[in-house]
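Engineer: Structure for this input, please:
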Amino acid sequence: MAMVTKEQLNAALDAWYVARERAGLEQQAWGALTQSHGSLIASLRQHGHTWTQAQAEFEKLSNAHRESMLSAWNDMDERCREYQRLRLIYSEQQ
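Structural biologist: Alright, predicted model coming up:
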């Protein structure tokens, strides 16, 4: 079993905090897009899109935001598992 230093443990926790922040920002971005559904559709319609085309564009944007959010959540979970793994090793060393 490899040795884990306090610095490595702190770095893993910092990486989790960064991932958590990214996940929160991605969720806010998707929420903002979802809340702007009506105004975005109206804007696309004003710029020549049919309702069906405007809805399809909104769905593409929404899907991209959702995928980014899910990716961020998965990254956060991975960083959490890594921190927990290192913390266990570190505590066994003490």
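Engineer: okay, now residue 48: neighbour count?
Structural biologist: For residue 48, the count of nearby residues is 8 (other CB atoms under 10 Å). Backbone N, C-alpha and C define where each C-beta goes, glycine included.
Engineer: actually residue 25, not the one I typed
Structural biologist: Neighbours of residue 25 under the rule other CB under 10 Å: 13.
Engineer: Let me know the helix or strand that it is in.
Structural biologist: If you go by DSSP states H and E, residue 25 is part of helix 6-35.
Engineer: Which elements pack onto that helix?
Structural biologist: With contacts taken as 3 or more CB pairs under 8 Å, 6 or more residues apart in numbering; DSSP states H and E, helix 6-35 sits against helix 51-93.
Engineer: Show the low-confidence segments of the chain, by residue range.
Structural biologist: 1 (pLDDT under 70).
Engineer: Distance check, the residue lying closest to residue 66 once chain neighbours are set aside against residue 78.
Structural biologist: Residue nearest to residue 66 in three dimensions, not counting chain neighbours: residue 30, with 6.0 Å by CB to CB, 6 or more residues apart in numbering. Per CB to CB, to the nearest Å, residue 30 is found 20 Å from residue 78.
Engineer: can you check residue 89 too?
Structural biologist: 17 Å.
Engineer: can you give me the offset of the helix holding residue 25 from its chain's centre?
Structural biologist: Put simply, helix 6-35 sits 7 Å off its chain's centre (CA atoms, centre = their mean, to the nearest Å).
Engineer: re the thing from before, count of residues packed around the residue nearest to residue 66?
Structural biologist: 19.
Engineer: next one: the one 5 residues further on
Structural biologist: For residue 35, the count of nearby residues is 10 (other CB under 10 Å).
Engineer: who touches it in this structure?
Structural biologist: By CB atoms under 8 Å, 6 or more residues apart in numbering, the contact list for residue 35 is empty.
Engineer: can you check residue 33 too?
Structural biologist: 40, 61, 62, 65.
Engineer: measure the residue nearest the centre of the chain to residue 57 for me?
Structural biologist: The residue lying closest to the centre of the chain (CA atoms, centre = their mean) is residue 72, at 2.6 Å. Going from residue 72 to residue 57 by CB to CB gives 23 Å.
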